[in-house]
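**Student:** next one to model:
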Amino acid sequence: MKEALWWKQVESTILCGLCPHHCKIGENRFGLCNVRQNIDGKLYTIAYGHPVAIHIDPIEKKPLYHFFPGSKILSIGTIGCNLFCEFCQNWDIARATAEDVKSRDINPQEIIESALSSGSLGIAFTYNEPTVFGEYVMDIARLAHDAGLKTVMVSNGYISPEGIRDIYPLIDAANIDLKAFSKDFYRRYCRGDLQSVLAALIEIKEQGTFLELTTLIIPGLNDSATEIEKMTRWIVENLGVDTPLHFSAFHPSFKMMQVHQTSKTDLDSARKIAINSGLRYIYEGNVAALEENNTYCYSCGRLLIERQGYTVDQKNLQSHMCSCGAKIAIVQ
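**Tutor:** You can find the predicted model right below:
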């Protein structure tokens with residue numbers, strides 16, 4: 001437990017400023033994320049130093065396809081999330097309380113030592129929503145950079161401007177879930193706000209963090225051609241044509257067991273719309289895909305990175321340049 005950042009006292013309650021919910025938290029109560037608690041008039045984070053999941057993952061699993069392809073990264077997560085997605089794939093920790101799961105007591109320096117000893121590229125904050133353990137993220141990230149390690153956020157993007165300005169200058173790359181392009185979808189199925197996420201995406205990019213996006217395509221809910229076209233055109237206009245976008249297949253989970261899984265045809269259709277909108281790098285996940293997982297040069301069409309599962313083979317690529325001379329949006 002550690003005293004939290006991003007809060008102020010308002011009369012007899014605490015106002016948390018970490019995310020757009022701006023929770024008003026009474027004595028001994030928690031914010032909506034379940035990990036930020038008012039104790040004796042101060043806000044504390046009970047997630048600090050208590051990861052519930054630690055694994056070595058391929059960087060492609062985040063998914064990040066344009067950030068040190070083929071690398072492995074130490075991935076950590078705690079309990080807690082500030083959205084309430086009815087289709088959550090990690091609901092067992094995202095919606096857990098401290099009493100629900102066992103956690104380890106691991107300080108930031110121990111995380112760094114684990115990453116170094118495993119030969120990892122760095123540390124990924126993932127599995128649950130890392131925004132809610134932002135203090136832990138920042139302390140680890142500072143030490144990571146001192147040790148020559150990279151830092152990655154896998155996030156829902158539901159974070160305040162203040163949180164972004166404090167956290168993301170310490171983050172090298174992020175994959176943000178853009179869950180839909182509908183205010184109603186965010187409100188009904190996530191208890192969130194689309195506009196806050198869109199504003200956060202712009203701000204995160206302005207902080208210099210390398211950005212990739214993921215959208216989970218859910219049949220009948222966020223998969224209309226009109227919505228996908230609006231979303232991909234927004235990405236082009238606000239984040240740029242080089243922003244990698246991952247369309248991921250939905251599988252029945254949590255409170256959406258009745259919704260059928262996404263077909264390969266559904267993802268192909270979304271990908272075609274994104275290409276027509278002008279995006280250069282569009283991928284498909286959670287399905288058996290071949291060329292849809294490869295990276296090609298937008299200029300000459302050459303195969304640059306071939307992916308089979310998490311096996312990566314680079315071709316015709318020198319640093320961030322195709323052999324034809326085109327500059328590719330890749331960090332390595």
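
**Student:** ok, residues contacting the lowest-mean-pLDDT helix or strand in the chain?
**Tutor:** Least confident helix or strand, the chain: strand 317-318 with a mean of 90, by mean pLDDT, DSSP states H and E. By C-beta atoms under 8 Å, 6 or more residues apart in numbering, the residues outside strand 317-318 that reach it are 304-305, 323, 328, 330. For glycine as for every other residue, the C-beta is placed from the backbone atoms N, C-alpha and C.

**Student:** again, only using 6 Å
**Tutor:** Leu304 (C-beta atoms under 6 Å, 6 or more residues apart in numbering).

**Student:** can you give me how far the helix or strand following it is from the chain middle?
**Tutor:** Later in the chain than strand 317-318, the nearest helix or strand by DSSP states H and E is strand 321-322. Its chain's average C-alpha position is 27 Å from that of strand 321-322, according to C-alpha atoms, centre = their mean, to the nearest Å.

**Student:** now tell me what touches strand 321-322 from outside.
**Tutor:** 297, 302, 316, 328.

**Student:** run the last query once more with 7 Å
**Tutor:** Strand 321-322 is contacted by residues 297, 299-300, 302, 304, 316, 327-328 when judged by C-beta atoms under 7 Å, 6 or more residues apart in numbering.

**Student:** and those, which is closest to His251?
**Tutor:** Leu304 (29.5 Å; C-beta to C-beta).

**Student:** what are the boundaries of the strands in the stretch 151-300 of the chain?
**Tutor:** Using DSSP state E, counting those that start in this stretch, the strands of the stretch 151-300 of the chain run over residues 173-177, 210-217, 245-249, 282-285, 295-296.

**Student:** Cys88 contacts Ala96, correct?
**Tutor:** No - using C-beta atoms under 7 Å, Cys88 is not in contact with Ala96, being 11.4 Å away.

**Student:** tell me where the model's unsure across this structure.
**Tutor:** Under the criterion pLDDT under 70, no range of the chain is flagged.

**Student:** care to break it down by domain?
**Tutor:** As given by automatic domain parsing, the domain ranges for the chain are 2-45, 53-293, 295-332.

**Student:** need these in JSON lines with mean neighbour count, can you?
**Tutor:** As requested, the domains of the chain are exported to JSON lines (neighbours: other C-beta atoms under 10 Å):
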{"stretch": "domain 2-45", "mean neighbour count": "18"}
{"stretch": "domain 53-293", "mean neighbour count": "19"}
{"stretch": "domain 295-332", "mean neighbour count": "15"}
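
**Student:** contacts for stretch 98-107 next, please.
**Tutor:** Against stretch 98-107 from outside (C-beta under 7 Å, 6+ apart): 46, 49-52, 78-79, 93.

**Student:** got the end-to-end distance for that stretch?
**Tutor:** From the first residue to the last, stretch 98-107 extends over 17 Å; the measure is C-alpha to C-alpha, to the nearest Å.

**Student:** cool, stretch 305-317 as well?
**Tutor:** Taking C-alpha to C-alpha, stretch 305-317 runs 8 Å from one end to the other.

**Student:** show me where the chain has its helices.
**Tutor:** 91-94, 108-117, 134-146, 161-167, 183-185, 194-206, 225-238, 264-277 (DSSP state H).
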